[in-house]
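> no letters, just coordinates:
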């Protein structure tokens, strides 16, 4: 079956589009309530990031759920992984996140968590889409859902984050710059690291509804790099708008992406005898990480892009560590989903235990040069059936035999075709990626 609305991470688009509008979201809340809340609990939690349209969609979801007879618990602005955690601890049927993650303020989206705090399986998403085709009805007035705001959600999540590292671990003596991207971590993020003893210099903590992810956070780490160097900090931590991904900056001002951070976590656990199984990456994972892990006797497997597929393969392999180059990192023994704060704490634990700097810890992995170019499209297209594109891919692959690889894939969250070329020679990689992106752009006009 083909999903009409759901992508790899819920439903996302420009505010006011055919899906990201109040009418659609109202019906979505009603449909989700009917599919997800079928037992006596009939309770769903709703959280959001800081973009201005979140107020509008929170109200629409609340109305749709209430019409379906479902009670609502409102969390306010909270990181996506916090909503997954609170869905579990509040014993709700499901959690709903209003966020477009790393996208600009003019986009928004809706994503769901199951009662266990995990992404919904495809089957349930199909059921929600099918329910939306039915006429919307309202339960009897005596059965309408009620709404309650959870006022201590932030404090609950801060304590949970701290519980994912040993009680003896302290960050005293570490100076950390934390960039919250004017997003959902703006309060809880700095608080976690301060309460563990670090000196925290916080930035990106003044959301106004429009500045989320704007030239800051994990997708634009330049300002974070500058602050780390300016203040002679030990490291920097950059989150995206909804707090489920991160990048880190070492003491030399160099950015560490998800691949490097996953390598550090896995290597530390291996050294401590705590690594269970191997590591799951994606088709986008740099081959340098795969080689570095294998050198240390750590198995590696690749999933499709999307943290839901990473988690599926992790569970299939019975492994605990996985993630994406973009900074989605999953430690299943700590969290049910990707969590930027929890992942950063795992890296900090490796630093504290080894008494090594972040730059030293990443030294065992050497990334292959990789160039990715995003080609914007107006609508979804089947690139596999386009003869011009496939001929160009084969041509590039023939030039990279034994020394690199090529990947073309549609984005699951944005109207883009991602063109990636990886190899040993950065000049050749960059040239081939530009040539291939040009072919894709021309072919899709």
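Great, that's in hand. Treat the numbers as computed from the prediction; the structure is a model and nothing was measured.
> which residues does residue 358 contact?
234-235, 248, 250-251, 256, 264, 347, 351 (C-beta atoms under 8 Å, 6 or more residues apart in numbering). For glycine as for every other residue, the C-beta is placed from the backbone atoms N, C-alpha and C.
> how near is it to residue 8?
As judged by C-beta to C-beta, to the nearest Å, residue 358 and residue 8 stand 30 Å apart.
> do the same with residue 321
Computed as C-beta to C-beta, the residue 321 to residue 8 distance reads 20 Å.
> SS state for residue 280?
In three-state terms, and counting by DSSP: H, G, I helix; E, B strand; the rest coil, residue 280 is strand.
> tally of neighbours for it?
28 (other C-beta atoms under 10 Å).
> wait, residue 202 sits on residue 178?
Yes. Assessed by C-beta atoms under 8 Å, residue 202 is found in contact with residue 178 at 5.2 Å.
> which neighbours do those two share?
189-190.
> how about low-confidence regions in this structure?
Along the chain, segments meeting pLDDT under 70 span 1-2, 380, 412-413.
> domain map for it?
Per the record, the chain has its domains at 11-152, 170-253, 257-367, 370-444, by automatic domain parsing.
> first-to-last residue distance for the second one?
When the termini of domain 170-253 are compared using C-alpha to C-alpha, to the nearest Å, they are 23 Å apart.
> how close does residue 244 sit to residue 217?
Distance of residue 244 to residue 217, given as C-beta to C-beta: 12 Å.
> between those two, tell me which one has more neighbours.
residue 244 (35 against 29).
> contact partners for that one?
79-81, 101, 307, 328, 337-340.
> mind redoing it with 7 Å?
Counting by C-beta atoms under 7 Å, 6 or more residues apart in numbering, residue 244 touches 79-81, 101, 328, 337-340.
> output the longest helix belonging to the protein.
helix 426-444 (DSSP state H).
> how far does that one sit from its chain's centre?
27 Å (C-alpha atoms, centre = their mean, to the nearest Å).
> let me see the contact set for the residue nearest to residue 257 when sequence neighbours are not counted.
Leaving aside its sequence neighbours, residue 257 sits nearest to residue 325 (C-beta to C-beta, 6 or more residues apart in numbering; 5.4 Å). Residue 325 makes contacts with 257-259, 284-286, as judged by C-beta under 7 Å, 6+ apart.
> returning to what we had before: look at residue 202 and residue 178 and report which has more neighbours.
Each of residue 202 and residue 178 has its neighbours counted (other C-beta under 10 Å); residue 178 has more, 30 against 19.
> residue ranges for the helices of the protein, please.
Under DSSP H, the chain gives helices at 22-36, 54-67, 80-89, 122-131, 153-162, 188-195, 222-230, 258-271, 287-295, 307-317, 340-354, 358-361, 387-399, 426-444.
> among the ones you listed, which is the most enclosed?
Compared across these, helix 80-89 shows the largest average neighbour count, a mean of 25 (mean count of other C-beta atoms under 10 Å).
> what does that helix contact?
By C-beta under 7 Å, 6+ apart, helix 80-89 touches 45, 47, 75, 94-95, 97, 99, 113, 115-117, 153, 156-157, 160, 242-244, 335-339, 342.
> and residue 321, how far from residue 361?
To residue 361, residue 321 is 15 Å away according to C-beta to C-beta.
> ah, wrong one, I meant residue 6
Taking C-beta to C-beta, one finds residue 6 at 38 Å from residue 361.
> just residue 288 next, same as before
From residue 288 over to residue 361 (counting by C-beta to C-beta), the distance is 15 Å.
> now residue 238
17 Å.
> buried ones among the contacts of helix 80-89?
Buried members of those, counted by 16 or more other C-beta atoms under 10 Å: 45, 47, 75, 94-95, 97, 99, 113, 115, 117, 153, 156-157, 160, 242-244, 335-339, 342.
> filter those residues down to the ones in strands?
Residues of the buried ones among the contacts of helix 80-89 located in strands (DSSP state E): 45, 47, 75, 94-95, 97, 113.
> tell me the two of those that are most distant?
Using C-beta to C-beta, those reach their maximum pairwise distance at 75 and 94, which is 13.1 Å.
> which residues do these two both contact?
Residues touching both residue 75 and residue 94 (C-beta under 7 Å, 6+ apart): none.
> that older thread, dump the contacts of residue 358 to CSV, plus distance to residue 124.
Shown next, in CSV, are the contacts of residue 358 (distance: C-beta to C-beta, whole Å):
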residue, distance to residue 124
234, 43
235, 39
248, 34
250, 41
251, 45
256, 35
264, 35
347, 33
351, 39
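> residue 437: which of the residues you listed is nearest?
The closest of the contacts of residue 358 to residue 437 turns out to be residue 256 (C-beta to C-beta; 26.1 Å).
> who are the neighbours in contact with residue 100?
By C-beta under 7 Å, 6+ apart, the contact set of residue 100 is 12, 51, 107-109.
> one more time with 8 Å
Neighbours of residue 100 in contact, by C-beta under 8 Å, 6+ apart: 12, 49, 51, 107-109, 241-242, 413.
> show the buried residues in those.
When those are checked for burial by 16+ other C-beta under 10 Å, the buried set is 12, 49, 51, 107-109, 241-242, 413.
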